[in-house]
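Asks: Below are the sequence and a predicted model; questions follow.
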Amino acid sequence: MAGWERKQTDTDKGIVIPDNWPGYPLDLFTFPEHYSEDLDCVYIPHGVIMDRTERLARNIMEDLGDHDIVVLCVLKGGYQFCADLVDCIKVLCRNSNKTLPMRVDFIRLKSYLNDQSTPDLHIEGAENLSGLSGKNVLIVEAIVDTGKTMKTLLDHVEAFRPKMIKVAGLLVKRVPSGTGYLPDYVGFEISNRFVVGYALDYNEYFRDLNHICVISDRGKQKYKI
Ligand code: HPA
Ligand code: MG
């Protein structure tokens with residue numbers, strides 16, 4: 001695909017979408033009519049997200065297969081990615097002689113207002129993580145930008161003494177203030193734009209959009225708090 005960079009030798013960052021990627025015109029896809037004024041482009045189509053997730057599931061199976069894991073889904077943004085990733089792992093377990101027994105748990109983080117991150121990070125559902133002790137934990141997060149939230153979360157989860165922690169991040173954003181933190185499994189590396197859809201929100205809107213899209217200025221105005 002023109003403009004998409006794919007390094008054969010370095011897959012750590014997943015599919016690298018360059019800064020000059022304009023996205024696809026909205027007219028080429030379907031999306032809810034109520035968002036027709038609120039989006040600039042389709043940045044990553046739903047089908048591509050699913051295809052990439054299928055491969056991440058395979059990589060996870062190859063690394064962790066035959067271990068028990070606890071999948072820790074980071075809400076709310078991570079719910080769709082987590083559900084699809086778990087589904088893909090289930091399919092692989094049915095169709096191979098490897099197996100990956102999974103428990104699924106949830107944690108909720110909130111640090112964004114409008115399109116800005118706020119310094120106070122709230123972690124909910126973190127009180128009862130004692131079940132993670134001695135377990136292999138796979139944290140599933142939709143988006144990593146500065147890496148600070150993930151650092152805080154990792155410190156928090158480590159305190160419960162799991163045997164191992166791996167992180168799957170669907171998106172990693174190239175931000176100037178980034179810590180350079182990279183999840184163990186990365187779907188896509190994206191430019192520093194505010195994206196919505198596939199459970200990623202702007203003030204709770206756009207979770208009901210399948211594709212990952214770039215929000216328009218008008219959309220930001222309309223749903224601003
Ligand atoms: N979209 C939605 N939520 C986010 C983003 C984003 O681009 N970055 C951090 N949280
Ligand atoms: Mg959010």
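Replies: Alright, I've got the coordinates. Ligands and ions are numbered 1, 2, ... in the order given.

Asks: CA only for contacts and neighbour counts going forward, please
Replies: Will do.

Asks: Extract the CA atoms of the longest strand seen in the chain and return them as CSV.
Replies: Taking DSSP state E as the criterion, the chain has its longest strand at strand 102-113. Taking only C-alpha atoms (Å, rounded to 0.1, in the frame of the first residue of the first chain), the coordinates of strand 102-113 have been written out as CSV:
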residue,chain,number,x,y,z
MET,A,102,-7.2,-17.9,29.9
ARG,A,103,-8.9,-16.1,32.7
VAL,A,104,-10.1,-12.6,31.8
ASP,A,105,-10.1,-9.7,34.3
PHE,A,106,-10.8,-6.0,34.0
ILE,A,107,-9.3,-2.8,35.2
ARG,A,108,-10.4,0.7,34.5
LEU,A,109,-8.1,3.7,33.8
LYS,A,110,-9.1,7.2,33.2
SER,A,111,-6.8,10.1,32.5
TYR,A,112,-8.2,11.9,29.4
LEU,A,113,-10.5,15.0,29.2
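
Asks: Show me how far it is from its chain's centre.
Replies: The chain centroid and the centroid of strand 102-113 are separated by 11 Å, computed with CA atoms, centre = their mean, to the nearest Å.

Asks: tell me which parts of the protein are close to ligand 1?
Replies: For the chain, the contact set with ligand 1 under CA under 6 Å from any ligand atom comprises Asp145, Arg193, Phe194, Val195, Val196, Leu200, Asp201, Tyr202.

Asks: Repeat the analysis, applying 8 Å as the threshold.
Replies: The interface of the chain toward ligand 1, taken as CA under 8 Å from any ligand atom, is made up of 77, 112, 115-117, 143-145, 173, 192-196, 200-202.

Asks: quick one: secondary structure of the residue minimising distance to the centre of the chain?
Replies: Within the chain, the residue whose C-alpha comes closest to the C-alpha centroid is Ala142; the distance, by CA atoms, centre = their mean, is 1.7 Å. For Ala142, the reduced secondary structure class is strand; criterion used: DSSP: H, G, I helix; E, B strand; the rest coil.

Asks: got it, and Met50?
Replies: helix.

Asks: could you say which helix or strand contains the closest residue in space to it that isn't next to it in sequence?
Replies: Beyond its immediate neighbours in the sequence, the residue positioned closest to Met50 (CA to CA, 6 or more residues apart in numbering) is Asp84, lying 7.5 Å away. With elements delineated by DSSP states H and E, Asp84 resides in helix 79-94, which encompasses its position.

Asks: helices or strands next to that helix in the packing?
Replies: For helix 79-94, the packing partners by 3 or more CA pairs under 8 Å, 6 or more residues apart in numbering; DSSP states H and E come out as helix 46-64, strand 136-144.

Asks: in stretch 61-78, what counts as buried?
Replies: Residues of stretch 61-78 classed as buried: 61, 64-65, 69-78 (neighbour count, 16 or more other CA atoms under 10 Å).

Asks: That's all I had, so thanks and see you.
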